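Student: Quick one, fold the following:
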Amino acid sequence: MSEPQEPRVVIHDKRRIDPVTGAVRVPAGAQPAGTSGPASDPAAPGEQMSEHETPVDEQPTQDPATPSPAAGAGDVDKQLAERTEDLQRVTAEYANYRRRVDRDRSLVVDQAAERFALQLFPIVDDIERARDHGDLTGAFKVVADRVLGLLDGLGVAAFGVAGDPFDPALHEAVIHDTSSEVEVPTATTVLRQGFRRGDRVLRTAMVAVTDPESPAPAAGKTTGPAPDETAAN
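Tutor: You can find the predicted model right below:
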């Protein structure tokens with residue numbers, strides 16, 4: 001037993017101008033202009049389509065693989081967010097790189113300045129000895145002032161003056177004695193100046209240290225008998 005055929009759906013295109021060729025359409029059953037003879041019999045309903053009729057299965061359909069406009073907008077937003085994140089990461093990495101380069105450059109400059117200053121310290125020692133003996137005059141004084149000016153330009157400052165409290169971080173003690181005139185260890189004689197650049201000590205000062213004859217008692221300690229013992233006696 002044959003299965004019943006489903007009725008074929010037909011869409012009638014009544015446009016007079018063919019959208020593909022642009023030609024004027026001739027209605028079905030009509031004779032073109034300039035021809036004679038009986039018109040052809042119209043096709044039986046449901047058996048034949050006119051030249052202006054398009055079956056449903058030939059109508060253009062959307063490809064399932066083609067993304068819809070909403071899906072396309074979502075993809076664009078996702079790609080934009082990813083590119084923005086990549087740009088922010090690259091910008092942060094470049095900023096960190098610039099900071100490292102600046103820090104390394106500053107470190108190289110500081111090290112070069114300190115090495116140059118260390119080479120000038122023996123010359124400065126000779127200048128100070130000449131000053132102490134009264135020989136820093138004439139052309140020698142001009143050269144000495146220029147050398148000291150170089151140290152000032154590098155940000156290097158001398159320290160170490162007689163009477164400063166002794167500080168192991170700043171002073172190198174080479175001579176020790178005692179005196180009743182001081183209450184704390186004191187650098188009474190400076191044998192060689194010290195130099196520092198900012199908070200960094202480049203060379204400690206060589207000094208003679210004088211200690212007090214009677215060191216101050218440690219805090220919290222008392223001398224003599226306890227009050228209870230005195231009362232008992």
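Student: packing partners for the helix or strand where residue 126 lies?
Tutor: Using DSSP states H and E, residue 126 sits within helix 69-132. Judged by 3 or more CB pairs under 8 Å, 6 or more residues apart in numbering; DSSP states H and E, helix 69-132 is in contact with helix 138-153, strand 156-159, strand 194-197, strand 200-203. Yep, even glycine has a C-beta here, placed from its N, CA and C like the rest.
Student: quick one, what contacts residue 106?
Tutor: With CB atoms under 8 Å, 6 or more residues apart in numbering as the criterion, no residue contacts residue 106.
Student: quick one: pLDDT of it?
Tutor: As predicted, residue 106 sits at a pLDDT of 91.
Student: from the helices and strands packed on helix 69-132, which stretch is densest packed?
Tutor: strand 194-197 (a mean of 19; mean count of other CB atoms under 10 Å).
Student: contact partners of that one?
Tutor: Contacting residues not belonging to strand 194-197 are listed as 110, 113-114, 117, 121, 124, 151, 154-160, 170-171, 201-206 [CB under 8 Å, 6+ apart].
Student: Equivalent analysis for stretch 206-213, please.
Tutor: Under the contact criterion CB under 8 Å, 6+ apart, stretch 206-213 has outside partners 160, 164, 166, 171-192, 194.
Student: could you redo the last one with a cut-off of 6 Å?
Tutor: Applying CB atoms under 6 Å, 6 or more residues apart in numbering, the contact partners of stretch 206-213 are 166, 171-180, 182-183, 185-192.
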